[in-house]
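Engineer: build the 3D model from these lines:
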Amino acid sequence: MNPILRASRTPSPKTLASSRASHSTLLQIRSMASSPAAAEATFKKIQIKRDDTVGLDVAEAQHLMDGLDWQGGVKDIQASVSWLKANGSKKVGVTGYCMGGDLSIASAVFLPEIDAAGPFYGVPSSELADPANANGPIQAHFGELDCFVGFSDVTAAKALEEKLKTSGVPFEVHIYPGCAHAFMNRSPEGIERRKSMGMNDEDEVAVELAWSHFTSWMTRYLS
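Structural biologist: Sure thing, here's the model as predicted:
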């Protein structure tokens, strides 16, 4: 059984974390890690914690994002992958939400030792990483109504798809109709927080479909 590292600097029950996340992302990670789909997955979910800093609103989350040491986050993931492979894991995948999704793609660009990436709604800036230089399989997930322009909106998703077409690596880019940012966050707290930010979409079918795509992808490349 091979592990998946989840890129987020906040703690969760069954994941690895290596970058800052908003409070909403923290709730999402805990929710998804304890979901039936995660429990039934054939791969391990590993946790590592750097700190507990969270943003309690949009402004604070943006502040944390602006101040994040992105290169340091990639180095954290590299160290974790190296440790896992040195201690018996033949293959390692990386996933993450929002900033963690961004770091998952960057890791697939800079770390050829990663066997698969499954980022959710986050694309790295050109200063951090060029997805056209990806070294391994990437399956990315976005909401059609995501309004984070240039980071996780549909335009960013389609631009990522075009970049991946030139990379030569296996890839899939899924855009879920009627879904906004962080649509995978189904924790009660996360749902309320999303509503307070004007995100009223609730599509359990889309969540299950995304999980199905993700687990199939990771099973394919980590088996």
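Engineer: name the residue closest to the centre of this structure, please.
Structural biologist: residue 96 (1.9 Å; CA atoms, centre = their mean).
Engineer: what's the helix of greatest length in the chain packed up against?
Structural biologist: When the chain is parsed with DSSP state H, its longest helix is helix 204-222. For helix 204-222, the packing partners by 3 or more CB pairs under 8 Å, 6 or more residues apart in numbering; DSSP states H and E come out as helix 36-40, strand 93-97, strand 116-120, strand 138-143, strand 171-176. The C-beta positions use only the backbone N, C-alpha and C, and glycine is treated the same way.
Engineer: try 6 Å this time
Structural biologist: strand 116-120 (3 or more CB pairs under 6 Å, 6 or more residues apart in numbering; DSSP states H and E).
Engineer: for the strand it packs on, what is the average pLDDT?
Structural biologist: The average of the pLDDT scores along strand 116-120 is 95.
Engineer: give me the angle between it and strand 93-97.
Structural biologist: 10 degrees (axes from the mean of the first three to the mean of the last three CA atoms, to 10 degrees).
Engineer: list the neighbouring strands of strand 116-120 plus their orientation.
Structural biologist: As defined by DSSP bridges, the strand partners of strand 116-120 come to strand 93-97 (parallel), strand 138-143 (parallel).
Engineer: extract the C-alpha set from the shortest one and format it as CSV.
Structural biologist: As requested, the backbone C-alpha atoms of strand 93-97 are provided in CSV (Å, rounded to 0.1, in the frame of the first residue of the first chain):
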residue,chain,number,x,y,z
GLY,A,93,1.4,10.6,-4.7
VAL,A,94,0.6,14.2,-3.7
THR,A,95,-2.8,16.0,-3.4
GLY,A,96,-4.0,19.3,-1.9
TYR,A,97,-6.8,21.9,-1.9
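Engineer: by how many degrees do that strand and helix 204-222 diverge?
Structural biologist: Using the same axes, to 10 degrees: strand 93-97 against helix 204-222 is 160 degrees.
Engineer: what mean pLDDT does strand 93-97 get?
Structural biologist: pLDDT averaged over strand 93-97 gives 90.
Engineer: helix or strand right after it?
Structural biologist: Where DSSP states H and E defines the elements, the next helix or strand beyond strand 93-97 is helix 99-110.
Engineer: which residues of this protein score low on pLDDT?
Structural biologist: 1, 3, 5-68 (pLDDT under 70).
Engineer: please repeat the previous calculation with a cut-off of 90.
Structural biologist: Residue ranges of the chain with pLDDT under 90: 1-73, 76, 80, 83-84, 87-89, 96-100, 182, 185-203, 223.
Engineer: separation between residue 83 and residue 96?
Structural biologist: Applying CB to CB, to the nearest Å, the value for residue 83 to residue 96 is 18 Å.
Engineer: same thing with residue 211?
Structural biologist: 15 Å.
Engineer: sorry, back to before: so which of the strands paired with strand 116-120 is nearest residue 122?
Structural biologist: strand 93-97 (7.0 Å; CB to CB).
Engineer: before I go, just wanted to say thanks for your time.
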